[in-house]
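>>> Coordinates for the following, if possible.
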Amino acid sequence: MTRRRGRLGPVALAGWLFADLLLVLAVVTLADRPDPLAAKPRASASPSASPSPSPSPSKKPQGPRSLDRKRQSFEVKGNNDKSLVSQIRKATAKWDGKEAALVQTFGGGQGGTHYAHHVNSLLNKARSGMFPRKAATDDFLKLGRTPSTAEVWVYFYTT
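I've put the predicted structure just below:
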């Protein structure tokens, strides 16, 4: 298989075409999103000639929800599912009405990742409104912790 000087083979051309297509798709996807940090238009400073007869209805915020970067955390321990669910309910009561976007759980000991996964599987059972099945969860290992304990970090959506 000889290659002519200065020309790329079909495999190399296909790779460049794929890379260019991926770049175009990324730019189109990013350009299609509204800016969540864009300033809202200001009301005019001049008074209107005639007052409106009825108050205008309040508008719902539009655009994608964002993540509150301040994490909330709590700890659970034990192997009994009923006890774990109860601990999760008690620890998260102060955040009732919020919805979790991301949950990172750090399980202790050698089997910490499996324990963290088990705790994450009970979140929806403890508080289905706060921890919907679509919430992203990550299971981590923290060797410095004792086995059958977990530290749960929760990042909520902004309101």
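>>> Identify the bridge partners of the closest residue to Arg145 other than its chain neighbours.
The shortest distance from Arg145 to any non-neighbouring residue, by C-beta to C-beta, 6 or more residues apart in numbering, is to Gly108 (2.7 Å). Yep, even glycine has a C-beta here, placed from its N, CA and C like the rest. Gly108 forms beta bridges with Lys142, as assigned by DSSP bridges.
>>> What distance separates the opening and closing residues of stretch 91-106?
Start and end residues of stretch 91-106 are separated by 16 Å (C-alpha to C-alpha, to the nearest Å).
>>> Which positions within it qualify as buried?
Of the residues in stretch 91-106, those buried under the neighbour-count criterion (16 or more other C-beta atoms under 10 Å) are Ala91, Thr92, Lys98, Glu99, Ala100, Ala101, Val103, Gln104, Thr105, Phe106.
>>> could you pull out the helices for the protein?
Taking DSSP state H as the test, the helices found in the chain are 10-32, 81-92, 112-126.
>>> sorry, back to before: OK, contacts around the residue nearest to Arg145?
Counting by C-beta atoms under 8 Å, 6 or more residues apart in numbering, Gly108 touches Tyr115, Lys142, Leu143, Gly144, Arg145, Thr146, Pro147, Ser148, Thr149, Ala150.
>>> Using JSON lines, please lay out the buried residues of stretch 91-106 together with distance to Lys125 and pLDDT.
Supplementary listing: the buried residues of stretch 91-106 in JSON lines, determined by distance: C-beta to C-beta, whole Å; pLDDT from 0 to 100:
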{"residue": "Ala91", "distance to Lys125": "14", "pLDDT": "96"}
{"residue": "Thr92", "distance to Lys125": "12", "pLDDT": "95"}
{"residue": "Lys98", "distance to Lys125": "18", "pLDDT": "93"}
{"residue": "Glu99", "distance to Lys125": "16", "pLDDT": "93"}
{"residue": "Ala100", "distance to Lys125": "14", "pLDDT": "93"}
{"residue": "Ala101", "distance to Lys125": "19", "pLDDT": "91"}
{"residue": "Val103", "distance to Lys125": "14", "pLDDT": "95"}
{"residue": "Gln104", "distance to Lys125": "19", "pLDDT": "95"}
{"residue": "Thr105", "distance to Lys125": "15", "pLDDT": "95"}
{"residue": "Phe106", "distance to Lys125": "20", "pLDDT": "95"}
